[in-house]
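S.K.: pasting the sequence and the predicted model now:
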Amino acid sequence: MTIPESRPHACPLHEPSRLAGPSRRAVLLGTPGAVVLTALAAGQAHAATKDTWTIQAFNGLASYVLPGDDAYSRQQRRTRPGPGGVAAGTAAHLEACYQHAFAAAVNTRYGVNLPAAELVAAVIDSFTQARFLLQSAGPYVHPFANLTWARKGEVLAAIDEEQFLRRLPIGFGFNTILTLTGLGCYSEYGVFDQRTRQLTGTPVGWKLANHAGVRDGWPELTGYWGGVRQVPDVPDEPVAAASAPASGKGA
């Protein structure tokens, strides 16, 4: 049987039986989250990378939004010289954003109980395999990371247009995928030390944007002009009533 290259109108959440692999079906059909994550963890170590399944999904997003000279960008066949979104630490930024924004475990209508970052990665996985089942094989465990740049765009468009996702408890979160990815690419998250609250290097996005970096303030904003420290309160002047227009002479 020939499997079509893409199914533009198929929603994998509506038809979970179409999904390949027990872990994806388990996610959508209601296997407890701990069991699902255990199944995913078994396939996280891969010859191409030590990144987890979730981080692979988010690195696929990072390379899509801001390609660089990394392996994920080369896999999608769109690169640019120098570091990009992957080197910027965007994947860790996305994982932290979704975990903190939706701290409570998520329960979908299928009864699944997953941390939010894994749920987002699972949805991306499902939509990838629904559209490009045969084309998503490659060096990464997460199929989205194996797609070309153009096919990634088609998957993200399908997620954005799917009405069913908007009815989920965190449905609005799926509208933030590209926004948060872009933010991560140009933020300092990848080189920000959470313990010391100091930067450990220059963020990739700062270099690309020619950002001068942190400043303590501008001299013009220190104090008041001419040494003035306060000004007296001036009562509001009453607004003069508009005078009636002068009547013209003669009829």
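M.R.: Structure's in. What do you need?
S.K.: and stretch 122-133, what's its mean pLDDT?
M.R.: Across stretch 122-133, pLDDT averages out at 93.
S.K.: give me the next element, helix or strand, following whichever helix in the chain runs longest.
M.R.: Counting residues, the longest helix in the chain under DSSP state H turns out to be helix 116-131. Per DSSP states H and E, the first helix or strand lying C-terminal to helix 116-131 is helix 149-161.
S.K.: what does that next one contact?
M.R.: With contacts defined as CB atoms under 8 Å, 6 or more residues apart in numbering, helix 149-161 is touched by 6, 8, 60-61, 64, 67, 76-78, 123-124, 127-128, 130-132, 135, 144, 147, 165, 174-175, 177-178. All C-beta spots, glycine's among them, are computed from the backbone N, C-alpha and C.
S.K.: how about that helix: buried residues?
M.R.: Using 16 or more other CB atoms under 10 Å as the test for burial, helix 149-161 gives Arg151, Lys152, Glu154, Val155, Leu156, Ala158, Ile159.
S.K.: okay, now the unreliable bits of the protein?
M.R.: The chain contains residues with pLDDT under 70 at 1-49, 103-113, 169, 217-225, 236-251.
S.K.: 50 - rerun?
M.R.: By pLDDT under 50, the low-scoring segments of the chain are 1-39, 41-47, 105, 107-110, 250-251.
S.K.: turn the buried residues of helix 149-161 into JSON lines, including distance to Ala101.
M.R.: Shown next, in JSON lines, are these (distance: CB to CB, whole Å):
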{"residue": "Arg151", "distance to Ala101": "28"}
{"residue": "Lys152", "distance to Ala101": "23"}
{"residue": "Glu154", "distance to Ala101": "26"}
{"residue": "Val155", "distance to Ala101": "22"}
{"residue": "Leu156", "distance to Ala101": "19"}
{"residue": "Ala158", "distance to Ala101": "23"}
{"residue": "Ile159", "distance to Ala101": "17"}
